[in-house]
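In: Sequence below, structure please.
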Amino acid sequence: MNLTIDAAMPRSKHPPATEFARRLIAARTARGLTQVQLAELTRSTQRNISYYETGAGYPPATAIAELANVLDVSADQLLGLRNGRPPAARKEQEDPQLRRLWKKFQQVARLPDKDQRAVIRLINSLAKAS
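Out: Okay, the predicted model is just below:
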C-alpha cells in the first residue's frame, strides 16, 4: 500500500455560509491578510476568524468593531447594512493627493501614543510656519 500526502493544504473545507462571512473574507483578502494575521491584529485567534468566515457563528459587537477597524471598512459594511463609503468619502478617494495623505495618517494612527503626539506637534509647527 502506497500512501502519499498532498503538500498543498486544502483551500477551504467549508464555503462561507452567510453573507457576513463572504463580506469578511472579501475585506480580509482585499487587505492581503491571512486569517492568522487578521487574528493577531484584532487580538483574537485564527480559530475565531475561521469560525466567523465559515458562517458557523457571528462575532460579538466588540469583535465586529475591531474587525472593521483593522480591515478599514465600516461595521455597517461588514454587516451588510450599507455598501461602500459615504458620498463625501468617495470624493476624497478620487483625489490621489488626499488618498496618499489619508494612508499616511492611517499609518500614524498605528504608532504608539508618544510618536503620534510628536507627529501632531510637527504638523502643527509646519502649519503655523506657512
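
In: quick one: low-confidence ranges for this protein?
Out: For the chain, the stretches flagged by pLDDT under 70 are 1-15, 83-94, 130.

In: Where do the domain boundaries of it fall?
Out: Under the assignment automatic domain parsing, the domains of the chain span 13-84, 85-130.

In: Of the ones you listed, which stretch is the most buried?
Out: Highest mean neighbour count among those (mean count of other CB atoms under 10 Å): domain 13-84, with a mean of 15. Bear in mind the C-beta positions are built from the backbone N, C-alpha and C, glycine included.

In: For the longest helix belonging to the chain, which outside residues touch it?
Out: Determined from DSSP state H, the single longest helix within the chain is helix 113-129. With contact meaning CB atoms under 8 Å, 6 or more residues apart in numbering, helix 113-129 is reached by 108-109, 111.

In: Output those in CSV; the columns should cover distance to Leu24 and secondary structure.
Out: Below are these laid out as CSV (distance: CB to CB, whole Å; DSSP: H, G, I helix; E, B strand; the rest coil):
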residue, distance to Leu24, secondary structure
Val108, 26, helix
Ala109, 22, helix
Leu111, 27, coil
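
In: so the residue nearest to Arg22 when sequence neighbours are not counted is in which element?
Out: Distances taken as CB to CB, 6 or more residues apart in numbering put Pro16 closest to Arg22, at 4.7 Å, once the chain neighbours are dropped. If you go by DSSP states H and E, Pro16 is not part of any helix or strand.

In: check contacts around Pro16.
Out: Taking CB under 8 Å, 6+ apart, we find Pro16 in contact with 22, 25, 53-55.

In: Among the residues you listed, which one lies nearest to Ala39?
Out: Proximity of the contacts of Pro16 to Ala39 (CB to CB) peaks at Glu53, which lies at 11.0 Å.

In: give me every residue that touches that closest one.
Out: By CB under 8 Å, 6+ apart, Glu53 lies in contact with 16, 21, 24-25, 28, 35.

In: Out of these, list just those in helices.
Out: Assigned to helices by DSSP H, the following of these qualify: 21, 24-25, 28, 35.
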